[in-house]
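Engineer: heads up, no residue letters with this:
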């Protein structure tokens, strides 16, 4: 199944404390917790049939841009978000831990 990642919308679901992409009957998610002025990314998951298409990268980008715009410090407990930050040094200034 081919997907144009550029056309996908990442939504911030504040009630569920996650960023998500609707993939029809499935949903990709990047979950977080708040601790004061810190946003802690805990888990990223893309349904197996949609892996490797750049969906998680897009969610990570939107989530980190949100954190930066809000002035939050990021703790990336989620291995995917941590790896994304390592590959995108522009986010190192807002991360800790």
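Structural biologist: Now that the structure is in, tell me what you want to look at. These figures come from a predicted structure and were not determined experimentally.

Engineer: in contact with the residue sitting nearest the centre point of the chain: list those residues for me.
Structural biologist: Computing the C-alpha centroid of the chain and ranking residues by C-alpha atoms, centre = their mean puts residue 60 first, at 3.1 Å. Counting by C-beta atoms under 8 Å, 6 or more residues apart in numbering, residue 60 makes contact with 30, 44, 80-81, 84. Quick note: C-beta positions are derived from backbone N, CA and C, even for glycine.

Engineer: from residue 46, how far out is the closest residue in space to residue 70 that isn't next to it in sequence?
Structural biologist: Leaving aside its sequence neighbours, residue 70 sits nearest to residue 39 (C-beta to C-beta, 6 or more residues apart in numbering; 7.8 Å). Separation of residue 39 from residue 46 (C-beta to C-beta, to the nearest Å): 20 Å.

Engineer: repeat that for residue 80.
Structural biologist: Counting by C-beta to C-beta, the gap from residue 80 to residue 46 is 9 Å.

Engineer: common neighbours of those two, please.
Structural biologist: residue 56.

Engineer: of the two, which one has the most company?
Structural biologist: Just comparing residue 80 and residue 46: by other C-beta atoms under 10 Å the higher neighbour count belongs to residue 46, 22 against 18.

Engineer: who's in contact with that one?
Structural biologist: By C-beta under 8 Å, 6+ apart, the residues touching residue 46 are 28, 53, 55-56.

Engineer: so which of those residues sit within strands?
Structural biologist: residue 28 (DSSP state E).

Engineer: where does the protein dip in pLDDT?
Structural biologist: 1-2, 97 (pLDDT under 70).

Engineer: now do the helices in it.
Structural biologist: For the chain, the helices defined by DSSP state H occupy 55-70, 79-87.

Engineer: now those helices in CSV, with distance to residue 12?
Structural biologist: Formatted as CSV, the helices of the chain follow (distance: least, C-beta to C-beta, whole Å):
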stretch, distance to residue 12
helix 55-70, 6
helix 79-87, 15
